[in-house]
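[1] Next comes the sequence, and after it the predicted model I'd like to discuss.
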Amino acid sequence: MKYLFPLVFSLLLALPSLRAATDEVAVIETSKGQVVVEFWPDVAPKTVANFKKLAASGFFDGTAFHRIIAGFMAQGGDPLTKDPAQEARWGTGDPGYKIDAEFNDRKHERGVLSMARSQDPNSAGSQFFLMFGPAPFLDGKYTGFGKMISGEDTLAKIEKTPVTASAGGEPSKPTERVEIKSVKIVPRSAIKG
């Protein structure tokens with residue numbers, strides 16, 4: 001019992017910093033406007049931490065959405081998209097490591113932020129996608145880790161980006177660059193409106 005009070009007291013002291021960490025949002029500034037996304041650390045804590053770490057280092061700044069499929073999603077976060085000479089390899093870049101999947105029960109619907117991966121469930125790194133519409137076939141198979149709380153007009157502009165066939169024949173290659181100018185992690189209270 002004598003150890004209970006110090007433990008409870010230390011937990012109470014930690015609550016403000018825990019609350020601050022979970023009350024951060026991502027401000028994704030694109031060439032089409034701004035999107036603000038809240039995180040889901042309760043269901044994907046390691047994925048959220050990885051995204052925040054990459055954002056804080058400027059990893060996403062200057063990358064582009066290299067795959068856009070209206071009604072489905074826009075995929076970005078590949079560092080190779082910073083270099084037009086690497087276009088044939090866009091979609092294959094990563095931060096030099098992989099993270100384990102954190103599949104959860106959150107639905108893939110419009111505005112959800114989720115991790116892209118290969119056939120290996122534990123192959124995500126930096127590439128992410130923003131959903132344009134519901135895709136229940138992704139539920140429980142891809143790590144959703146946040147959802148848009150503002151920027152619907154920007155998401156709509158990204159979705160309307162003209163595309164052409166990619167190397168695989170899928171009409172998903174943007175005909176104009178949709179740049180991710182920056183991704184900043186800020187307290188939710190810093191967001192106006």
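    Looks like it arrived, so ask away.

[2] where exactly do the strands run in this protein?
    Assigned by DSSP state E, the chain shows strands spanning 24-30, 33-39, 63-64, 67-69, 73-76, 112-115, 128-131, 144-150, 163-165, 171-174, 179-187.

[3] And the last one, what's buried?
    Spelled out, that is strand 179-187. Of the residues in strand 179-187, 179, 180, 183, 184, 185 count as buried by neighbour count, 16 or more other Cβ atoms under 10 Å. Where C-beta positions appear, they are placed from N, C-alpha and C, glycine not excepted.

[4] Would you reformat those residues as TSV and include pLDDT and distance to residue 93?
    Below are the buried residues of strand 179-187 laid out as TSV (pLDDT from 0 to 100; distance: Cβ to Cβ, whole Å):
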residue	pLDDT	distance to residue 93
179	98	15
180	98	13
183	98	16
184	98	21
185	98	21
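
[5] Between these, which sits nearest residue 98?
    Closest to residue 98 out of the buried residues of strand 179-187 is residue 183 (19.9 Å), distances taken as Cβ to Cβ.

[6] Looking at strand pairing, list the partners for that closest one.
    When bridges are called by DSSP bridges, residue 183 pairs up with residue 28.

[7] Would you mind measuring from it to residue 119?
    27 Å (Cβ to Cβ, to the nearest Å).

[8] what does residue 155 give?
    Remark: distance between residue 155 and residue 119 (Cβ to Cβ) = 28 Å.

[9] pLDDT weak spots in this structure?
    1-22, 193 (pLDDT under 70).

[10] hmm, back to that, looking at residue 155 and residue 119, which one has more neighbours?
    residue 155 (21 against 5; other Cβ atoms under 10 Å).

[11] Do a quick rundown of the helices in this structure.
    Taking DSSP state H as the test, the helices found in the chain are 4-22, 45-56, 152-159.

[12] before we move on, back to that, let's have the strands of the chain in a markdown table, adding distance to residue 105.
    Below are the strands of the chain laid out as a markdown table (distance: least, Cβ to Cβ, whole Å):
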| stretch | distance to residue 105 |
| --- | --- |
| strand 24-30 | 22 |
| strand 33-39 | 16 |
| strand 63-64 | 29 |
| strand 67-69 | 24 |
| strand 73-76 | 19 |
| strand 112-115 | 12 |
| strand 128-131 | 16 |
| strand 144-150 | 9 |
| strand 163-165 | 31 |
| strand 171-174 | 28 |
| strand 179-187 | 25 |
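
[13] To residue 98, which of these lies closest?
    Ranking the strands of the chain by proximity to residue 98 (Cβ to Cβ) places strand 112-115 first, at 10.5 Å.

[14] can you list contacts of that closest one?
    For strand 112-115, contacts defined as Cβ atoms under 8 Å, 6 or more residues apart in numbering pick out 26, 37, 47, 99, 101, 106, 108, 124, 127-131, 138, 142-148.

[15] can you rerun that using 7 Å?
    By Cβ atoms under 7 Å, 6 or more residues apart in numbering, the residues outside strand 112-115 that reach it are 37, 47, 108, 124, 128-131, 138, 142-147.
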